Every structure is written in C-alpha cells, then in structure tokens.
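>>> Here is a sequence together with a model predicted from it:
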Amino acid sequence: MEVTDARAFLVLAEELHFGRAAHRLQMGQPPLSRQIQRLERSLGVKLFKRTSRQVELTVAGHTLIEPARDLVAASERAVEAVKSTITGQIGTVSLGFAGASSNAEVAALTRELAIRAPRLRFEVQSSQFADDSLKKVLDQSLDFAIGLWEFIPPELDALHLGDDEVLVAIPKNHPLAKHDSVRMEQLAHDPWINLPGGYNSALQNRFRHLSLNAGFVPRRNQTVPDSWTVMLLVGLGMGASLTLSSVASSVPTEDVKVLTIDDPSNTPLPLRLVWRRDALNPVLQTVIDTAKELFG
C-alpha cells in the first residue's frame, strides 16, 4: 500500500462520503473512486460498502485504519527528518575543549543549543590542552574546538568568544604575596611549575615571551598535567606558575595568591571557537550561528 493510497483511505474512512473526501484531498471524485478500487484489488478485499445513499467501512476496512495511520505517520516523520537535517536541526556535532579555561563558554553553548535545536546531538569532549583540540579539528576528528590560541592555521575559521587575562600564581607565604602585581624579573630565581607545551600552546608561548623579556631562563621545578595540579603545587610552595583569570576563578586557590603581571606586552589571550573552513554543512552552521548570537 502506497502512502498516497493510505492517506486517501483514511480521509474517506473519516468522511464516509466520496464527495467530501475528494474535496479534502483536493482531487476529483472519480479519481478518488478509482484509487480506492485499485487499493481494494491490490489487497484482495472490499474496504467500503457502497450504496446509493451511504458509504460504510467493512470489517477489513476497520482493520486497515491503524496500519494506514502508522504508514502515513512514518512518512511524515521521514519528511520531517530530512527537512530538519537540511535546516541543521538534526545531526551530530563534536566539540573539544581544554579544561577550566573554557568551562563557562562550553556550558553556555550547550544549554543554548539544547533550546534552539533539541534534536541536535552535541557531543562534548574534554581534552587536557587546547593544542590537542586544535589538531583534532585539523584532522577532522572533531568538528569544533574551544581554546586559547594566539595563531590559527589558515585551514580553520574562528569566532572570538572573549579574552582571558594572563596572571602569575605564587604561594600565599611568598614575599611578593603582599602585592597585587609583579614584574617577571622579580621571580627570576623562583622555580616554576608549568603545563606541557605545544607549538601552539598560548600560555606556554606567553611564558617564554615574558621570561625572555625579563632577561632570565626559568628554573623549572616540574611539568604537570593540568591546572588543578598546578594550583595544588603552587599552594604547597613548590614554585610559581603562569595561569589564567578563568582558571583562578574556577580552581580552588586557598593557599595561592594570584597577581597581575607588570608588562605592557602581556595582553589578554583570545578564547576562540574554531572549525574547518571546508567542512561546513547545515548542522555545523546551526552551531556557528548559535555561537555568534550567544557571544556576539
């Protein structure tokens, strides 16, 4: 049974009048009568009793109502799914982000997409470092990434979400902890705790730049895997570390003093959403449009 036959059958079953059913279906009465006859021949049963005064459903006709409704509903769902995919409302999108520096933005984007495109599957993957997420977007393991990058490869497009201030974290019992700002050269003899670097690791590139400006080669105590460990070790007096305002506001810093850096070259780092320029489709465009409206 074709969907058009099922739809015609259901309308006639409701109206029990060929003229009214044909009007609803926007067709002539003779074509509707022939369509029902063809359906009856294909099924091998009579669906309607026809007299000069009335049309009635047969037992077989009553039995066919639910299957016909299911067929029409399935067809309508299929059409809706195709239209929703074309308009970017259905599909799967993956996003990578790096730790505490972008938690708020990831949460805001996820909430907004749940409202605007509730049938869109938004897969969020946390990676330790922004450099990793950037590489995954380049090799198409991820559709999007949010992170701090000073330089974006030409294969990618980006949306600026905000800025993150670069700060220095020292133990609360450090001699400089009574100040609100510090010059990097004042910390030239301190051991340093750092996150692993990469060719596009914004925070580690900034650390190298600031220490070079201050005229010293850092004494590195150790490299640790995440910002939580950095803050823990700084609080234990193991050394100083560069950090971000977003990290300082989201990671416990009870035994840590966070200072601004007195260096005019220490500008805020841009937080960006990135995606491949050649990978656009309606589903990805839904995420991009939502992010643009959300973050301006």
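Perfect, I can see it now. Numbers count the residues shown, from 1 in each chain.
>>> Can I get whichever strand or helix holds Gln35 in CSV, CA atoms only?
Element membership of Gln35 [criterion: DSSP states H and E] is helix 29-43. What follows is helix 29-43 as a C-alpha-only set of coordinates in CSV (Å, rounded to 0.1, in the frame of the first residue of the first chain):
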residue,chain,number,x,y,z
GLN,A,29,-14.5,12.3,-7.0
PRO,A,30,-13.9,9.8,-10.0
PRO,A,31,-10.1,9.6,-9.5
LEU,A,32,-10.7,9.0,-5.8
SER,A,33,-13.1,6.2,-6.5
ARG,A,34,-10.6,4.6,-8.9
GLN,A,35,-7.8,4.9,-6.4
ILE,A,36,-9.9,3.1,-3.7
GLN,A,37,-10.8,0.4,-6.2
ARG,A,38,-7.2,-0.1,-7.1
LEU,A,39,-6.3,-0.4,-3.4
GLU,A,40,-9.0,-2.9,-2.8
ARG,A,41,-7.9,-5.0,-5.8
SER,A,42,-4.2,-4.9,-4.5
LEU,A,43,-5.3,-6.1,-1.0
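>>> Which neighbouring elements make contact with it?
Under the contact criterion of 3 or more Cβ pairs under 8 Å, 6 or more residues apart in numbering; DSSP states H and E, the helices and strands touching helix 29-43 comprise helix 3-15, helix 18-24. In short, each C-beta sits where N, CA and C put it, glycine included.
>>> Would you mind giving those as JSON lines with mean neighbour count and mean pLDDT added?
As requested, these are exported to JSON lines (neighbours: other Cβ atoms under 10 Å; pLDDT from 0 to 100):
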{"stretch": "helix 3-15", "mean neighbour count": "18", "mean pLDDT": "91"}
{"stretch": "helix 18-24", "mean neighbour count": "16", "mean pLDDT": "91"}
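>>> Point out the one among those helices that comes closest to Ile170.
Taking Cβ to Cβ, helix 3-15 is the member of the helices and strands packed on helix 29-43 nearest to Ile170, at 71.3 Å.
>>> Not counting that closest one itself, show me its contacts.
Counting by Cβ atoms under 8 Å, 6 or more residues apart in numbering, the neighbours of helix 3-15 from elsewhere in the structure are 18, 21, 24-25, 32, 35-36, 38-39, 47-48, 55, 57, 61, 64-65, 67-69, 71-72, 75.
>>> circling back: so which bits of the helix holding Gln35 are buried?
Using 16 or more other Cβ atoms under 10 Å as the test for burial, helix 29-43 gives Leu32, Ser33, Gln35, Ile36, Leu39, Glu40.
>>> Contact partners for the nearest residue to Asp255 once chain neighbours are set aside?
With Cβ to Cβ, 6 or more residues apart in numbering as the measure, Gly235 is the residue that lies nearest to Asp255, at 3.2 Å, once sequence neighbours are left out. Gly235 makes contacts with Pro171, Lys172, Thr253, Glu254, Asp255, Val256, as judged by Cβ under 8 Å, 6+ apart.
>>> circling back: compile the helices and strands packed on helix 29-43 into CSV and extend it with columns for distance to Val93.
Supplementary listing: the helices and strands packed on helix 29-43 in CSV, determined by distance: least, Cβ to Cβ, whole Å:
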stretch, distance to Val93
helix 3-15, 31
helix 18-24, 41
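>>> so which of the ones you listed gets nearest Glu293?
Per Cβ to Cβ, nearest to Glu293 of the helices and strands packed on helix 29-43: helix 3-15, 38.0 Å.
>>> got the buried residues for stretch 156-163?
For stretch 156-163, the neighbour count (16+ other Cβ under 10 Å) marks Leu156, Asp157, Leu159, Leu161 as buried.
>>> next one: that stretch to chain centre, how far?
The gap between the average C-alpha position of stretch 156-163 and the chain average comes to 14 Å, counting by Cα atoms, centre = their mean, to the nearest Å.
>>> Please determine how far Asn193 is located from Pro218.
No, residue 193 isn't Asn; it's Ile. For Ile193, the distance to Pro218 (Cβ to Cβ, to the nearest Å) stands at 10 Å.
>>> Settle it for me: which of these two has more neighbours?
Using other Cβ atoms under 10 Å, the more surrounded residue of Ile193 and Pro218 is Ile193, with 24 against 21.
>>> which residues does that one bridge with?
In this entry, Ile193 is beta-bridged to Gln222, by DSSP bridges.
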